Structure formats: structure tokens, C-alpha cells
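Colleague: I would like the atomic coordinates for the input below:
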Amino acid sequence: MRRTKLRIPPALNHRGFRLLWGGLFISQVGSQMQHWALFWHVSLLSRDPIAVSIIGGVRFAAVLCFSMIGGLTADRYNRRTIMIITQSIAMSIAVALGVLTWLDRIEVWHIYLLSGLQAAAMAFDLPARQSLVPNLVPRDDLPSAFSLQSIAFNTGAIVGPALSGIIIAYLAQAHVYFINAASFLAVIIALAVLGAVPQRVGRSAARGLRGAALDMRDGVRFIRSQPLILSSMILDFFATLFAAANTLLPYFARFILHVNEVGYGWLAAAQSMGAVTVGLVLSQTSSIRRQGRLLLGAVLVFGAATTVFGLGRQYSLVFAALILAGAADSVSTIIRNTIRQLQTPDALRGRMTGINQIFFMGGPQLGEVEAGAVAQAFGVPAAIITGGLGTMLFVVLVALRWPMLVRYDREEPVAVPPPVVLASASDGAMR
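Modeller: Model prediction:
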């Protein structure tokens, strides 16, 4: 990995990515504000704790239903246009939440319905967004680009919850939704200014539903034929399945560490702090070498840090372990995204990302259920410790099953794409 002195991250030297990242940076703060505000809002509307968990279930169901279609859409149609549509839908949903809250007409089912609709929109948005990045920066600058995306997300995860609480306390719940709605304008304006973005679009010989089914089958076949991509997805799924302990953090803070809300708040932000730090370092870097070993090592450290978290009884030790876990997870996320985007032809990137959504969304959601069940039976520390150990064990199994992932060094050739035609993001409408 070649290091340089502190400078502007290479990806920001490209106007298109600079515009998109700036808009997403602003929007992520608003999205994280709304994310945590919804949990608080549901707790005010219902005393049943499971009412909050249903939001995650609704979101995952929407992603499961629409991820494959969203990925296919990103490969068939103009990605920039897709993002303008999905961001506009998300903005409208935030406005609806704000209006219903302002009028004091909102009920729990409104939040479930609107959360599901927003998750469905994001199932189309993410494949288009992730697939658009390699069209905006050259191959060597992809690690920098994905590092900056990680910084945007994790900065939002630090700042958003804090701002959400302040706005709810000093203004009103509805203001969080209205501010989030306004933040989507940053992305929409950036996309409007972006202009034409060349994109390769695959055409199926068949039309209609049969053509769509064949194209989605091609996406599944491609992933199954690419051990680097498949192994990285499986590693992602099981690492988050075993080590998804975030939902246990409030119980650990209260009953194991015996800290108050302020102490819990710092623990909740610790992983994002580590992730932002690593993102800043990697954003300065291009041409990361030995990416396979770096990926497996990062997940191994993530599992070890989670284990230390479960074993810890001192606040400072747990805080440090969570920072390390967040840093390792950030490295893993950046490398996984880089491998997948580099090893996927442009005409298949949307379908690859759509399928990957199921893996990286399914792992944490199912992991929360697994962690809760183990915690109920054996206690919170046991659930966290066994999750960390399980993650480390699975890293070893993946390395043994897919040795090519261990050897991956960024220079492997990209898979040969199917017949494609060149399209442009300036087409104006989705074709």
C-alpha cells in the first residue's frame, strides 16, 4: 500500500465524484437524523419494545423484494436518472412524515408504511449509486472514492443522532423530517449539475418479463462464476451475522458497565469514530496492494475486537475495542467494495450490487435476531463473545475454501462482459 503525505484525496480530483460525494455527505447527516428520530418517535407512540424492531423488519423485507429488480434497473437504464428519481421519492417521504407529525395525525402504521416505501426506493438507489462511482473515477482511485463514501456515512452516523436529539428537544420531532427532506436537495442538485456520465448498458435478446428474468439470472450466474466476488459476499454476510451486537449495546452499557445515557451515547458513536479515522487515511491512498489479505485481516481484527468488547468490564477498554472494530469494519467495507466494482463489468455492476444488498442487509438483520436469542439464553456478554469468536473462525474457513481471495492483489483481469452497447447519462430519460 503506497502512502503519501497529506493531500486532497485522489477521488476528489474528479469533478463528477466531487459533486456526488458533496451532495451525499450533506444528505447522510439528514438521513441519520431521521433514522434515530424514527426509533424515538415509535417509542413515544407505542410502549411495546418490539414496535421499534418492526421498522428494521419492514426495511429488510422491502430490500429483499426489490434488490434484484433495483440492480437490473441500474444496468438497463440511466443510473443518474434513477438516482434523481429515488432521491426525490425519499425526499417526498420525509416531507410526508413531517407533515403528519406536524398535524399530530401520525400513527405507528404510517411510520412502518413510509419506512418500507423509503427502503424500496433505496433498493433502487444503492445499485445505481455504487455502479455510478466507477464511471466517475479511474480504477486506481476507487479505494479513495469508497473511503470517502465511508467517511460520509460514518460522519453522518456520529453527527446525525446528536443533532436529532437536539432538534427534537428544542424544536419538535417534525423538524427532523423537514430538515432531512431539505438535505436530499443537495444530492438532487449535484446530480443535475453532474451532466453526462458514460455507461455501458447490457441488452437482453428477449423482452418483457422474460428478458428481465434472463438478465437477473445472468447476474446470479456471473456472481457464482466469480469466486472473488462470491467469497467476499459470503464473508460479509457471516461476519455481520455473528458479530451483530449493536442492539445489545444498551443492555451492556446499563447492566455490565453501569453507565448512564451519556456514556452509552459515546459507546454508540465509537465504531463510527474508528471508521471515519480509517476512511480519512485510506482516502489519501491509491493503488492498494494485497487487497485479499488486507480484507481477511480486517475481518479477523473485527472479530477479535468484538470479542474484547464482550470480555471488557472497564469502560475505556470497551470504548477502545469498539473504535478498533469500527476501524476494521471500515477497511473491510472499502476493500470489499473495491474488489467487487473492479471485478464486475460495467454492464453488470447494478445487478451485482443489488444481489449484494441482500447479503449485507440480511447479515446484520438476522444477526440481531441471533444475538438476541443467545443473549436471552446465556447472557449479553456470552452473545457478544461467541459472535466475535465465530467471526474469526469463519475468516479461517473462507481463506481455506477460497485461497484466491488470500492471493488477490488488485491486478487480476476483469471478467469479460456480455455484449453491451454504450449509453450516456445525458439521455434525459430512462431508456
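Colleague: Give the rounded mean pLDDT of stretch 154-166.
Modeller: Per-region confidence: stretch 154-166 scores 79 on mean pLDDT.
Colleague: so where do the strands sit in this structure?
Modeller: Along the chain, counting by DSSP state E, strands occupy 198-202, 420-424.
Colleague: So what's the predicted local confidence for residue 299?
Modeller: For residue 299, the predicted pLDDT is 91.
Colleague: Spit out the contact partners of residue 187.
Modeller: Residues in contact with residue 187 (C-beta atoms under 8 Å, 6 or more residues apart in numbering) are 20, 23-24, 26-27, 83, 87. No exception for glycine: its C-beta is placed from N, CA and C like everyone else's.
Colleague: if I pick the nearest residue in space to residue 41 that is not next to it in sequence, what's in contact with it?
Modeller: Nearest residue to residue 41, sequence neighbours excluded (C-beta to C-beta, 6 or more residues apart in numbering): residue 173, at 5.9 Å. With contact set as C-beta under 8 Å, 6+ apart, residue 173 has these partners: 37, 40-41, 101.
Colleague: Please report how far residue 173 lies from residue 119.
Modeller: Distance, residue 173 to residue 119, using C-beta to C-beta, to the nearest Å: 21 Å.
Colleague: mind checking how far the nearest residue to residue 375 once chain neighbours are set aside is from residue 9?
Modeller: Leaving aside its sequence neighbours, residue 375 sits nearest to residue 383 (C-beta to C-beta, 6+ apart; 3.9 Å). For residue 383, the distance to residue 9 equals 38 Å [C-beta to C-beta].
Colleague: if I pick the closest residue in space to residue 282 that isn't next to it in sequence, what's in contact with it?
Modeller: Leaving aside its sequence neighbours, residue 282 sits nearest to residue 147 (C-beta to C-beta, 6+ apart; 3.9 Å). Neighbour list for residue 147: 9, 11, 278-283, 285, 334 [criterion: C-beta under 8 Å, 6+ apart].
Colleague: ok, which pair from these is furthest apart?
Modeller: Across the contacts of residue 147, no pair lies farther apart than 11 and 278, at 15.6 Å, counting by C-beta to C-beta.
Colleague: Go ahead and confirm residue 62 touches residue 119.
Modeller: Yes - the pair formed by residue 62 and residue 119 meets the contact definition of C-beta atoms under 8 Å, at 3.8 Å.
Colleague: Neighbour count for the two, which is higher?
Modeller: Shown here are residue 62 and residue 119; by other C-beta atoms under 10 Å, residue 119 has more neighbours (23 against 20).
Colleague: How about the contacts made by the more buried one?
Modeller: Here residue 119 is in contact with 58-60, 62-63 (C-beta under 8 Å, 6+ apart).
Colleague: Would you mind putting those into a markdown table with distance to residue 263 and pLDDT alongside?
Modeller: Shown next, in a markdown table, are the contacts of residue 119 (distance: C-beta to C-beta, whole Å; pLDDT from 0 to 100):
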| residue | distance to residue 263 | pLDDT |
| --- | --- | --- |
| 58 | 31 | 82 |
| 59 | 28 | 82 |
| 60 | 30 | 79 |
| 62 | 34 | 86 |
| 63 | 33 | 82 |
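Colleague: Distance to residue 367 added to those, as TSV?
Modeller: Below are the contacts of residue 119 laid out as TSV (distance: C-beta to C-beta, whole Å):
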residue	distance to residue 367
58	18
59	15
60	12
62	19
63	15
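Colleague: Who wins on neighbours among these?
Modeller: residue 63 (23 neighbours).
Colleague: residues touching that residue, list them.
Modeller: Taking C-beta under 8 Å, 6+ apart as the test, what residue 63 contacts is 119-120, 122-123, 357-358, 361.
Colleague: Let's have these in JSON lines, adding pLDDT and distance to residue 392.
Modeller: Converted to JSON lines, the contacts of residue 63 look like this (pLDDT from 0 to 100; distance: C-beta to C-beta, whole Å):
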{"residue": "119", "pLDDT": "89", "distance to residue 392": "31"}
{"residue": "120", "pLDDT": "93", "distance to residue 392": "35"}
{"residue": "122", "pLDDT": "91", "distance to residue 392": "31"}
{"residue": "123", "pLDDT": "89", "distance to residue 392": "31"}
{"residue": "357", "pLDDT": "77", "distance to residue 392": "26"}
{"residue": "358", "pLDDT": "76", "distance to residue 392": "24"}
{"residue": "361", "pLDDT": "72", "distance to residue 392": "23"}
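Colleague: Select from these the one having the most neighbours.
Modeller: residue 123 (26 neighbours).
Colleague: Does that one touch residue 354 like I think?
Modeller: Yes - in this structure, residue 123 is within contact of residue 354 by C-beta under 8 Å, at 7.4 Å.
Colleague: Which neighbours do these two have in common?
Modeller: 67, 69-70.
Colleague: my guess is residue 301 meets residue 321, correct?
Modeller: No - taking contacts as C-beta under 8 Å, residue 301 lies outside contact range of residue 321: 10.6 Å.
Colleague: ok, those two, which is more surrounded?
Modeller: residue 321 (24 against 19).
Colleague: That one against residue 309, yeah?
Modeller: Yes - the criterion here is C-beta under 8 Å, and residue 321 meets it with residue 309 at 4.2 Å.
Colleague: picking up where we left off before, next one: the residue nearest to residue 282 from residue 272, what distance?
Modeller: In terms of C-beta to C-beta, residue 147 sits 14 Å off from residue 272.
Colleague: what do you get for residue 346?
Modeller: 31 Å.
Colleague: Of the two, which one has the most company?
Modeller: residue 272 (26 against 20).
Colleague: In this structure that one contacts residue 158, no?
Modeller: Yes - between residue 272 and residue 158 there is a contact under C-beta under 8 Å: 4.8 Å.
Colleague: Where among the strands of the chain is average confidence lowest?
Modeller: Taking the mean pLDDT of the strands of the chain, strand 420-424 comes last: a mean of 40.
Colleague: which ones are touching residue 167?
Modeller: 33, 37, 175-176, 179.
Colleague: returning to that earlier point: would TSV of the shared contacts of residue 123 and residue 354 with pLDDT be doable?
Modeller: Rendered in TSV, the data for the shared contacts of residue 123 and residue 354 read as follows (pLDDT from 0 to 100):
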residue	pLDDT
67	86
69	87
70	87
